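K.L.:
Need the 3D shape of this:
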Amino acid sequence: MARYLGPTTKIARKFGDPIFGADRAFEKKNYPPGQHGQMKKRRKKSEYGIQLLEKQKAKYTYGLLEKQFANTFKKAVRQKGITGEILLQLLEARLDNVVYRLGIAPTRRAARQLVGHRHITVNGQVVNIPSYTLRPGDIVGVREKSRSLEAIVDSLASRSSGYPWLEWDNTEQKGKFLNFPERDLIPENIKEQLIVELYSK
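P.N.:
Coordinates of the predicted model:
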């Protein structure tokens, strides 16, 4: 399997940002990984290196492979508007990401697993494709047979406040994708313009 399944803290340290969420191990060692840690003198990165790192950061954050990410970028280019912002909006509209944002799963990786194992519905129909792109007005819910799953119950019990572009009904265990979020509402620390510049070369 090509998807990265290794330690997430190591990747977070590489980017200097807890991209997978709260991480105690990252807080203790928030410097790049490696034998010499903080002591190692690192060469100044080239413009290309900085852009590439930003793309990798976005890929790891949303859990996409290279081809998936490139296809999402091509889709963003074809739409009217600011390409970088549209790219992030398309990533935010992925089903696995919305399941995570709604609080049904504690991480995107867990959300992807729930979708793949057929625990999630879209507009009443089971959808097991994590990359499924939602449209404004779509209803994302937990399959009735899956509502008692310990992982889902625990995640919903500890869910924090929601996001302006999502609506959640705890009684029905359903959420509504209201619209594509504006860039300033997306909390991810990604410099999308660097990604656009990288693909423009």
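
K.L.:
starting at the chain centroid, how far to stretch 180-197?
P.N.:
Centroid separation for stretch 180-197 versus its chain: 12 Å, with C-alpha atoms, centre = their mean, to the nearest Å.

K.L.:
Just the endpoints, please. Distance across that stretch?
P.N.:
23 Å (C-alpha to C-alpha, to the nearest Å).

K.L.:
so when I look at residue 161, I'm seeing a strand, right?
P.N.:
No. With DSSP: H, G, I helix; E, B strand; the rest coil as the criterion, residue 161 is assigned coil and is not in a strand.

K.L.:
any idea how far residue 195 is from it?
P.N.:
As judged by C-beta to C-beta, to the nearest Å, residue 161 and residue 195 stand 29 Å apart. For every residue, glycine as well, the C-beta is placed using N, CA and C.

K.L.:
Looking at the two, which has the bigger crowd around it?
P.N.:
residue 195 (25 against 6; other C-beta atoms under 10 Å).

K.L.:
Contacts only, for that one.
P.N.:
51, 54-55, 58, 73, 84, 87 (C-beta atoms under 8 Å, 6 or more residues apart in numbering).

K.L.:
is it possible to export those residues to a markdown table including distance to residue 134 and neighbour count?
P.N.:
Output for the contacts of residue 195, formatted as a markdown table (distance: C-beta to C-beta, whole Å; neighbours: other C-beta atoms under 10 Å):
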| residue | distance to residue 134 | neighbour count |
| --- | --- | --- |
| 51 | 29 | 21 |
| 54 | 25 | 20 |
| 55 | 23 | 21 |
| 58 | 19 | 23 |
| 73 | 19 | 21 |
| 84 | 20 | 19 |
| 87 | 16 | 24 |
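
K.L.:
Sitting in helices, which of those residues do you find?
P.N.:
51, 54-55, 58, 73, 84, 87 (DSSP state H).

K.L.:
which residues in this protein form strands?
P.N.:
In the chain, the strands defined using DSSP state E lie at 120-122, 125-126, 139-142, 166-169, 174-177.

K.L.:
quick one: pLDDT of residue 158?
P.N.:
What the model reports for residue 158 is a pLDDT of 88.

K.L.:
give the contact list for it.
P.N.:
Counting by C-beta under 8 Å, 6+ apart, residue 158 has contacts 103, 106.

K.L.:
Might you list the low-confidence residue ranges for the protein?
P.N.:
When residues are selected by pLDDT under 70, those of the chain lie in 1-43.

K.L.:
The same query, at a cut-off of 90, please.
P.N.:
Residue ranges of the chain with pLDDT under 90: 1-46, 49-50, 63, 158-162, 170, 189, 201.

K.L.:
domains for it, by residue range?
P.N.:
The chain breaks down by automatic domain parsing into domains covering 8-82, 94-179.
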